Every structure is written in C-alpha cells, then in structure tokens.
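In: Quick one, structure for this:
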Amino acid sequence: MRVPLARIAHARSGDKGDGSNIGLIANHPRFFEVLVQEVTAERVKAHFARLCRGKVERFEIPNLCALNFLLHDALGGGGTESLKTDAQGKTHGTGLLRMEIDVPDALLAGELA
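Out: Residues are numbered from 1 along each chain as shown. As a prediction, the model looks like this:
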C-alpha cells in the first residue's frame, strides 16, 4: 500500500551551515527495514529537487531505527546569510514526511496491535 511517511515515521530537522539535516525515525522497529529500502538518498534528492542544489547523503542508525539525511546546498547560504523563509531547515522534516512510499499491507495491519 502506498502511504505518506508520516504514517510510519516521525522526523526532526535543522541546519548544518548551508546543509539541511533531517532525522527520520520509524514509529515502530518493524518499519525500519521499509525505510531503509524505500527512502533512499536518490528519492530524497528527487523529493526536494526544487530546494536542494547539492548532493544528498544518507546515514543509517539501526539501533535507533532511524535514517539521517544531509541535504547539501539546501539553505541558500545558511541561517545568517539566507533570504529564505526557513533558513534553518526546520520545516524540512515535515516536508519529508509527505513523501509517499510502498509499505507491505501486513506491516500496516499490525499498526493497531
């Protein structure tokens, strides 16, 4: 089933100079492997194509059931230089949660369990 990431994960984001840092955390450990398979650096780069001018790096943090993304050249110079409304990238986590991915029905059936 195709669902927004917000259904199976939560996120936090902020700035790292001119880069945006997004942490994506599975709501339950059973969703972590789906995040690893579906939320690639390439897909995140495509999702933020209008915003991120540089490369996207992905780091896996299995013990936290999380992924961390660093979007290079995404903040128009960073907090003190940028003229963007969100110069610190605080809304980028919410933006990522809107991305839709495929999740096996069996995993979603266990959401209420």
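In: Around residue 10, count how many other residues there are.
Out: The local packing of residue 10 (other C-beta atoms under 10 Å) involves 15 other residues. (Glycine included, C-beta is placed from N, CA and C.)
In: if you skip the residues just before and after it, what's nearest to it?
Out: In space, and not counting its chain neighbours, residue 10 is closest to residue 25: 5.5 Å by C-beta to C-beta, 6 or more residues apart in numbering.
In: for the strand or helix carrying the one you found, packing partners?
Out: Per DSSP states H and E: residue 25 is located in strand 19-26. Helices and strands touching strand 19-26, by 3 or more C-beta pairs under 8 Å, 6 or more residues apart in numbering; DSSP states H and E, are strand 9-16, helix 32-38, strand 66-71, helix 92-97.
In: just how off-centre is the longest one within its chain?
Out: Just to be clear, that refers to strand 9-16. Counting by C-alpha atoms, centre = their mean, to the nearest Å, strand 9-16 is centred 7 Å from the centre of its parent chain.
In: Right, I'll leave it there.
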